[in-house]
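1. the following block contains a protein sequence and its predicted model.
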Amino acid sequence: MRTATILAVAASTLASASPFEDVAPPVNSQYDVTKFVYGCSAGCHWSFNVTVEGEYKNHPELQTPVTCSGGLDENQDYKKCDGAPSETQEVAAYIDKATNLLKVRYTVKNLEEHNTYKFYGDKRVYASTSADAKLQQEDFAVPESVAGA
C-alpha cells in the first residue's frame, strides 16, 4: 500500500511539472491562406501566403503575410515559412503526403515569461493535377484547433 501511494504521488508530481500546458484557442483564431498553389508533375510542390487572425494573450495577430513553400517528398514535417515579422513569431507548414492535410503551426515566444506557445491547424487540400482539383480554392481559412505551451 505504501509503495502504491508513493508511486501515485510521484506520478502526480511529474504530471504537474510538465512544461506542456494545453491552451484553448479562441473560436475566431484562424490562418488565412491566399495564393495557394499545389501541383504535381515530376514531384509535388506547394506554396501559399498566410496571415494569422485572432488576437489574445500570447497570440498576436500576424497581419503581414509570410510565404510558405515546399514539396511532399522533401518536407514531411513543419518547414519554416519565409518572412516572419520578428524573432518571437514563426509560421511553419507542410502537407501530409498520406492524408493531403495542410498542417500549419504558429509559434510565439514570450520572452518575459520564458515560454513558447504553439498553435496548430489543418485542412484537407487538393492538388491542381488531381481528380479533385475543382474542390481546391486559391484563398481559404484554416481554423486553429489545438494550442499548447
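-> It's in.

2. what segments of the protein are strands?
-> Listed in chain order, the strands of the chain (DSSP state E) span 30-40, 44-53, 62-71, 79-80, 89-95, 101-110, 115-124, 140-148.

3. go through the ones you listed and pick out the most buried.
-> Burial among these, expressed as mean neighbours by mean count of other CB atoms under 10 Å, is greatest for strand 89-95, which shows a mean of 22. For glycine as for every other residue, the C-beta is placed from the backbone atoms N, C-alpha and C.

4. do you know how far the closest residue in space to His45 that isn't next to it in sequence is from Thr34?
-> Leaving aside its sequence neighbours, His45 sits nearest to Gly71 (CB to CB, 6 or more residues apart in numbering; 4.7 Å). Distance check for Gly71 against Thr34: by CB to CB, to the nearest Å, it reads 20 Å.

5. what do you get for Phe48?
-> Counting by CB to CB - Phe48 and Thr34 are separated by 7 Å.

6. just to revisit the earlier point, can you pull the contacts of the residue nearest to His45?
-> With contact set as CB atoms under 8 Å, 6 or more residues apart in numbering, Gly71 has these partners: Gly43, Cys44, His45, Trp46.

7. how about JSON lines for the residues you listed, with pLDDT and distance to Pro65 added?
-> Converted to JSON lines, the contacts of Gly71 look like this (pLDDT from 0 to 100; distance: CB to CB, whole Å):
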{"residue": "Gly43", "pLDDT": "90", "distance to Pro65": "25"}
{"residue": "Cys44", "pLDDT": "93", "distance to Pro65": "23"}
{"residue": "His45", "pLDDT": "96", "distance to Pro65": "19"}
{"residue": "Trp46", "pLDDT": "97", "distance to Pro65": "15"}
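
8. tell me the bridge partners for the spatially most central residue of the chain.
-> Among the residues of the chain, the one closest to the centroid is Arg105, at 1.7 Å (CA atoms, centre = their mean). Counting by DSSP bridges, Arg105 forms beta bridges with Ala92, Tyr120.

9. cool, and Phe48?
-> Per DSSP bridges, the residues bridged to Phe48 are Cys68.

10. which residues touch it?
-> Contacts of Phe48 by CB under 8 Å, 6+ apart are Val33, Thr34, Lys35, Phe36, Val37, Thr67, Cys68, Ser69, Ala93.
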